[in-house]
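> Pasting a predicted model and its sequence here:
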Amino acid sequence: MSGNLLQTPIEYLKGVGPARAELLKKELGIFTYRDLINFFPNRYIDKTRFYKIAELQRNSSDVQVVGKIVHLKTVEQKRGKRLVADFIDDTGRMELVWFRGHKWIRENLKLNTPYVIFGKTNWFNGMFSMPHPEMELASDYKNNLRTAMQPVYSSTELLAKKGVTNRVMMKFIQEALKQTGFRFSESLSDELISDLKLISKSEALFNIHFPKNQELLAKAQFRLKFEELFYIQLQLLRRNLLHKRKIKGFNFDKVGSNFNDFYQQHLPFDLTDAQKRVIKEIRSDLGSGAQMNRLLQGDVGSGKTIVALMSMFMALDNGFQACLMAPTEILSVQHYNGLVELCKELNTSIYLLTGSTKTSKRKEIHEKLENGEIDILIGTHALIEDKVKFKNLGLAIVDEQHRFGVAQRAKLWKKNIVPPHVLVMTATPIPRTLAMSVYGDLDISVIDELPPGRKPVKTVHRYDSNRLKVFRFIREEIEKGRQVYIVYPLIQESEKMDYKDLMDGYESIAREFPDFQLSIVHGQMKPADKDYEMERFVKGETQIMVATTVIEVGVNVPNASVMIIESAERFGLSQLHQLRGRVGRGADQSYCILMTSHKLSEDSKTRISTMTATTDGFEIAEVDLKLRGPGDLMGTQQSGVLNLKIADVVKDNDILKAARAYASALLKEDPDLSLEKNAVIKNSYSRLMKNKTIWNYIS
Ligand code: ADP
Ligand code: MG
């Protein structure tokens with residue numbers, strides 16, 4: 001099929017016209033024939049057989065019946081009128097019912113003429129009735145292009161109101177397909193088609209709209225899903241490849257004294273195998289001559305910080321500076337203190353820059369950064385302000401990536417003329433399947449092993465009515481010398497109420513435990529006050545930390561062994577997992593208690609039971625993905641990447657993997673798509689890129 005016809009504006013299609021064209025554009029984003037043909041059904045109704053009225057079952061679902069209307073009447077009811085038709089076949093009688101559109105139906109329905117009706121049946125007053133059936137004259141039914149299975153297209157209220165029903169959509173698509181002669185140019189190479197035993201593009205497009213049978217539908221879906229995922233992966237992988245080719249990075253070819261001294265003499269523990277492997281991966285990137293763009297995934301407590309430090313040493317050893325950016329003040333301070341402690345035997349110059357750094361100190365830092373006296377700068381967003389200029393930033397590390405927008409990551413790049421190497425660390429385990437499609441342009445390292453001796457956190461669910469028992473448990477643990485977190489939700493929309501909940505909670509805990517010391521941390525406090533409260537808890541001067549989720553990220557107090565989460569039903573799974581990760585950092589058995597009311601939605605129940613069943617971050621992330629859908633997953637909102645036409649990154653995980661493997665193999669053999677046998681792919685790819693059909697991912 002020539003591309004030109006497919007570019008035809010939708011208003012020229014028979015039966016569409018300017019008004020409906022406007023609707024199709026606005027409501028469904030359909031501008032051209034091509035858009036229409038690529039607007040796939042979201043489900044199908046199997047009309048492979050007809051039912052006799054006598055065969056109908058109560059609660060049977062959508063059925064198809066042939067018969068005729070013998071009588072039409074209007075029935076008055078309390079709210080409005082109802083139009084009722086007596087519908088018969090040779091086995092019995094049923095009713096068809098309409099609550100709207102009576103005039104049109106009265107004028108258009110033919111009595112005593114065979115119709116094919118389709119819809120859901122209700123059992124009502126000892127008889128079957130079908131509200132708002134789809135109807136078609138039996139004579140038309142035979143003439144139309146029709147297959148056993150019927151497509152159902154997603155619609156909108158406005159479309160339905162303006163009469164663009166499913167049947168109308170089907171007509172449009174049928175018309176467009178007819179005009180194209182059911183022939184479409186192939187968009188995958190012969191090699192792929194024969195390797196994967198795919199059906200042709202034409203066959204796939206026809207069968208996705210009007211499947212001849214179940215088997216062909218499955219083949220059409222597979223082919224189109226594969227194609228969609230294949231081109232996305234091809235784009236991501238190619239971009240990564242070009243990036244490596246084009247963007248030269250600093251070459252850190254020396255392993256010098258910082259790294260070696262620390263590794264040999266000051267390492268406080270043996271690295272896990274996973275940590276060693278990841279450090280090697282980073283080291284090989286840094287010495288490759290290309291700019292590193294790596295995502296480091298590792299569950300809470302898996303020991304990402306030490307990996308960050310060792311990576312920064314590689315920069316230092318080659319005469320460069322490094323920075324570590326964290327999403328909150330608390331976390332920045334903690335990183336700063338932690339790294340200063342780790343480096344106390346070395347003469348590494350480490351500074352902290354946050355929003356609350358005093359002006360005079362800030363000036364000092366700006367100067368020392370520019371003249372190279374600072375080796376490592378740690379801080380919050382303050383690091384990426386334009387005023388902050390490095391002498392030679394070689395490596396930028398972003399901790400807890402999901403808190404940073406894509407734009408902020410991009411800003412880091414611009415700190416030098418040659419972009420620094422970038423390492424992004426996250427404890428929100430993005431399921432591998434999703435990472436592949438969202439972060440396909442990053443290389444990924446995973447720390448999949450916790451340091452030895454960690455006991456999994458025991459997690460239980462308790463109702464608010466059991467609070468006294470929970471209090472007793474808190475007391476026992478504190479008397480054993482442990483510390484306790486009690487966390488309250490804080491959601492933007494109801495900040496005031498949450499604040500009140502927190503304060504009420506704080507007061508009742510203070511009343512319950514007059515003999516213990518309490519810290520409190522919440523978002524409305526001044527940073528200095530937060531630090532003071534946090535500090536007291538870190539030092540063990542307070543036993544209970546009452547807080548909102550500001551403590552969610554990264555905070556490390558190994559002696560804290562109990563995490564109580566209030567109104568746990570209001571937290572998302574990844575947040576619950578992050579919070580739980582605050583405990584279980586020491587040698588003692590730790591506990592996480594999820595407090596909820598008795599009223600729980602199905603989703604909340606699933607979240608709670610997932611938390612009590614597993615501590616595996618990846619498993620939790622998969623459940624989260626299923627519950628919330630990929631679009632909502634933290635850190636992926638901006639990417640738009642998951643707006644797929646037909647594939648589903650969760651359900652079609654296998655196809656995604658295959659698509660990635662094929663794309664990767666293809667690029668290995670033919671990085672510029674210049675081989676003759678890949679000409680078809682090159683064409684389709686260029687067209688997709690030109691039309692921005694493939695999203696621009698994280699840039
Ligand atoms: P996260 O990956 O959550 O950032 P951290 O880097 O904060 O984890 O490490 C969590 C805790 O585990 C820290 O107290 C750290 O010192 C300790 N740790 C890290 N790696 C190891 C290891 N290989 N062996 C023992 N303890 C480790
Ligand atoms: Mg961390």
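Cool, the structure landed. Ligands and ions are numbered 1, 2, ... in the order given.

> what about the residue in the chain that ligand 1 sits nearest to, how many residues close to it?
Nearest residue of the chain to ligand 1 (Cβ to the nearest ligand atom) works out as residue 303 at 2.8 Å. In short, each C-beta sits where N, CA and C put it, glycine included. When neighbours are counted by other Cβ atoms under 10 Å, residue 303 registers 19.

> Which per-residue confidence value corresponds to it?
You'll see residue 303 listed with a pLDDT of 93.

> quick one, longest helix in the chain?
Longest helix in the chain, counting residues (DSSP state H): helix 214-246.

> for that helix, packing partners?
Secondary-structure packing of helix 214-246 (3 or more Cβ pairs under 8 Å, 6 or more residues apart in numbering; DSSP states H and E): helix 201-209, helix 432-438, helix 653-669, helix 679-690.

> So which residues make contact with the third one?
I take that to be helix 653-669. With contact meaning Cβ atoms under 8 Å, 6 or more residues apart in numbering, helix 653-669 is reached by 192, 195-196, 222, 225-226, 229-230, 232-234, 237-238, 241, 433, 436-437, 440, 647, 649, 673, 675, 678, 681.

> Which ones among those also lie next to ligand 1?
Among those, proximity to ligand 1 is found for none (Cβ under 6 Å from any ligand atom).

> of those, buried ones?
Buried members of these, scored by 16 or more other Cβ atoms under 10 Å, are 192, 196, 222, 225-226, 229-230, 232-234, 237-238, 241, 433, 436-437, 440, 647, 649, 673, 678, 681.

> mind listing what the nearest residue to residue 457 once chain neighbours are set aside touches?
Nearest residue to residue 457 in three dimensions, chain neighbours excluded: residue 584, at 4.1 Å (Cβ to Cβ, 6 or more residues apart in numbering). The contact partners of residue 584, taken as Cβ under 8 Å, 6+ apart, are 301, 454, 455, 456, 457, 561, 590.

> near ligand 1, which residues of the stretch 551-699 of the chain show up?
So far as Cβ under 6 Å from any ligand atom goes, the stretch 551-699 of the chain lies against ligand 1 at 556, 585.

> got the residues of the stretch 301-450 of the chain near ligand 1?
Counting by Cβ under 6 Å from any ligand atom, the residues of the stretch 301-450 of the chain near ligand 1 are 301, 302, 303, 304, 305, 306, 427.

> Report the two of those separated the most.
Farthest-apart pair in those is 306 and 427; separation 14.3 Å (Cβ to Cβ).

> So for the two, which sits in the more crowded spot?
Each of residue 306 and residue 427 has its neighbours counted (other Cβ under 10 Å); residue 427 has more, 24 against 20.

> Pretty sure the more buried one sits against residue 618.
No. Look at residue 427 against residue 618 with Cβ atoms under 8 Å: they stay out of range, at 11.5 Å.

> Mutual contacts of those two, please.
residue 299.

> Where does pLDDT dip in the stretch 451-600 of the chain?
491-495, 550-554 (pLDDT under 70).

> For it, which segments are assigned as helices?
With helices called from DSSP state H, counting those that start in this stretch, the stretch 451-600 of the chain shows them at 467-479, 495-512, 527-538, 573-580.

> and the nearest residue to residue 38 once chain neighbours are set aside, what does it touch?
Of all residues not flanking residue 38 in the chain, residue 645 sits nearest, at 6.4 Å (Cβ to Cβ, 6+ apart). Listed by Cβ under 8 Å, 6+ apart, the contact set of residue 645 reads 38, 40, 224, 228.

> now do residue 557
Neighbours of residue 557 in contact, by Cβ under 8 Å, 6+ apart: 483, 537, 538, 582, 585.

> So which of these wins on neighbours?
residue 537 (27 neighbours).

> how about it, what does it touch?
483, 519, 545, 557, 560.

> Let's see that with 6 Å instead.
519, 545 (Cβ atoms under 6 Å, 6 or more residues apart in numbering).

> Next, give phi and psi for residue 540.
With angles defined as degrees, to the nearest 10, residue 540 sits at phi 80, psi 10.

> contacting residues around it?
Not one residue lies near residue 540 by Cβ under 6 Å, 6+ apart.

> Distance check, it against residue 546.
In this structure, residue 540 and residue 546 are 16 Å apart, going by Cβ to Cβ, to the nearest Å.

> try residue 480
Separation of residue 480 from residue 546 (Cβ to Cβ) stands at 20 Å.

> circling back to that earlier point, could you tell me which ones among the contacts of residue 645 also sit near ligand 1?
Among the contacts of residue 645, no residue is within reach of ligand 1 (Cβ under 6 Å from any ligand atom).

> Reformat those as JSON lines; add pLDDT and neighbour count.
Converted to JSON lines, these look like this (pLDDT from 0 to 100; neighbours: other Cβ atoms under 10 Å):
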{"residue": "38", "pLDDT": "93", "neighbour count": "17"}
{"residue": "40", "pLDDT": "94", "neighbour count": "17"}
{"residue": "224", "pLDDT": "95", "neighbour count": "22"}
{"residue": "228", "pLDDT": "92", "neighbour count": "22"}
